[in-house]
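> Generate coordinates for the sequence data below:
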Amino acid sequence: MPFRDHWRDVKTLRNDGIPIDATSNETAKLFDATLTQYVGWYNDKQFGGIKASLSRLLASDPNCASSRILAAAIGLFSMSRSSALAHAQVVETLGDTATSSDRYINLHTQALIDWSLGYRSRATDTWETILLSYPFDIMTLKFALDTYVHLGNQNMVRDSVARVLPIWELSSPHRPLKSYLYGMHAFGLVETNMVLRAEKQARLGLELNEHDAYATHALAHAMEYMGQTSEGIDFLEKTDNHWHQCDMIAPHIDWHWALYELEQDNWEKAEEILQRCFLNNNGTELSRLKYTDAASLIYRLKLAGHSCPSQSNSKLKQFLDAHLRDHQILFHDLHHYFVLDNFADIEIKKDFLRSLKETVESSDTDTGKFYREIGSRIFAALERFDEGDYAQMEEYLFLPILHLAYSSEYKCNAEKILPPFYYMVLSNGFLV
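Numbering: from 1, shown residues only. I've put the predicted structure just below:
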């Protein structure tokens, strides 16, 4: 299945279950093209990429609230900034949508404002309410899924898609973007340890659309969890031309490739992927996803005894300097800590941890709650690891791992924030 090149007009979008408020078909088609790039994780060259598509979309009809909602959400999910700046940007992009008499527009507006203020769980509840009335609204579904990933809520990554998948499967096989639901569902399945079912769904998605890089990503996870690293490398090599065209997520799939190589002790290959895909000076700015991937890969290599020279990490340093005190998502703060390992003395790291604590410890946002319950102990454990106090490190990590194993409430967050390199930290501590 090739990439899409025919776009829906106002009537067709509405008939397909997306209640766009556009009045012109030009706006509707630009909306469809932008939404397709967002769902498919790629920049369509015929439009100059998703940023150019968004600019054209907003200019085509400044009064279209659906366009502003899409633009505000993509900005929130893709850019790192402080909570105050994120909120200001969302309010500016949304404009007067809060005064709309349309309930659909009002609900989206409230969800995005909640998200920008740090209440992401509340935002997902609102999007789930919208999906009850509009199960074919893939924009709303993608907003919810992206947020569940931010929250680490794997159960809902799985269940949110599972709720709407049956009605999608009963619809026309020619419904635009339908095939992407299988890759989305596969990722939720693999993250909740339903690995064989995830593999089946991911392969179905790829049968329908070989360019579905999110299905490729889910299958890469499944192979990793089953210990099939050789098969994973072979799969990514054979399908390279398909998923590499999805440039928004391709570097993350390369990151999985690097993990396969590390599992096979091919650290030179992992280092080559790090330099080529993340640290090369090609003039492009690091995205938030590329930053966290690069930071975690550097940390894994360091734990394996292969430190990366700090001078080669200038792009990471630039991102770090710009976003060190954003403190919006704890997962990103953890990766800041890893990057600081390469650049900062102990006082700068302590200042960063003080800033984080002051910003989020008393907050009633999702980040504040998770910091109090688990996150603070993980940072304390990493400090003890750096100091060589492995017994104390083990004590600090015991509670988060206990929650990971037994608590349904914390499991989703702990799995997001305790990826395999924490087990590497534990192993290194025990073996020293």
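> okay, residue 428: pLDDT?
At residue 428 the predicted local confidence, pLDDT, stands at 54.
> Touching the host helix or strand of residue 150 from outside, list them.
Assessed by DSSP states H and E, residue 150 sits inside helix 138-151. Judged by CB atoms under 8 Å, 6 or more residues apart in numbering, the contacts made with helix 138-151 from elsewhere in the structure are 18, 35, 38-39, 69-70, 73, 77, 108, 111, 115, 120-121, 123-124, 127-128, 130-131, 134, 154, 156-157, 160-161, 164, 177, 180-181, 184, 329, 331, 366, 412-413, 416. C-beta coordinates here come from the backbone N, C-alpha and C atoms, glycine included.
> Likewise for stretch 167-181?
Looking at what lies outside stretch 167-181 - CB under 8 Å, 6+ apart - the contacts are 1, 4, 8, 16, 32, 35-36, 39-40, 135-136, 138, 141, 161, 164-165, 205, 208-209, 212, 214-215.
> Check which residues of stretch 374-388 are buried.
The neighbour-count criterion (16 or more other CB atoms under 10 Å) identifies 374-385 as the buried residues of stretch 374-388.
> Out of the residues you listed, the closest to residue 22 would be?
For the buried residues of stretch 374-388, the residue nearest residue 22 by CB to CB is residue 375; the value is 41.9 Å.
> Low-confidence regions, this protein specifically.
For the chain, the stretches flagged by pLDDT under 70 are 1-2, 80, 281-283, 310-312, 344, 399-432.
> per-domain residue ranges of it.
Split into domains by automatic domain parsing, the chain comes to 1-149, 324-432.
> now the helix or strand following the helix holding residue 150 and helix 138-151, what's the angle there?
Tracing the chain C-terminally past helix 138-151 and defining elements by DSSP H and E, one meets helix 154-169 next. Computed with axes from the mean of the first three to the mean of the last three CA atoms, to 10 degrees, the direction of helix 154-169 lies at 160 degrees from that of helix 138-151.
> Can I get helix 154-169 in CSV? Just the C-alpha atoms.
What follows is helix 154-169, C-alpha atoms only, in CSV (Å, rounded to 0.1, in the frame of the first residue of the first chain):
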residue,chain,number,x,y,z
GLN,A,154,0.2,0.8,28.7
ASN,A,155,-3.1,-0.7,29.7
MET,A,156,-5.0,2.2,28.1
VAL,A,157,-2.7,2.3,25.1
ARG,A,158,-4.1,-1.2,24.5
ASP,A,159,-7.7,-0.7,25.7
SER,A,160,-8.4,2.6,24.0
VAL,A,161,-7.8,1.1,20.6
ALA,A,162,-9.5,-2.2,21.6
ARG,A,163,-12.7,-0.3,22.3
VAL,A,164,-13.0,1.2,18.8
LEU,A,165,-11.3,-1.6,16.8
PRO,A,166,-14.4,-3.8,16.4
ILE,A,167,-16.5,-1.0,14.7
TRP,A,168,-13.5,-0.1,12.5
GLU,A,169,-13.2,-3.7,11.4
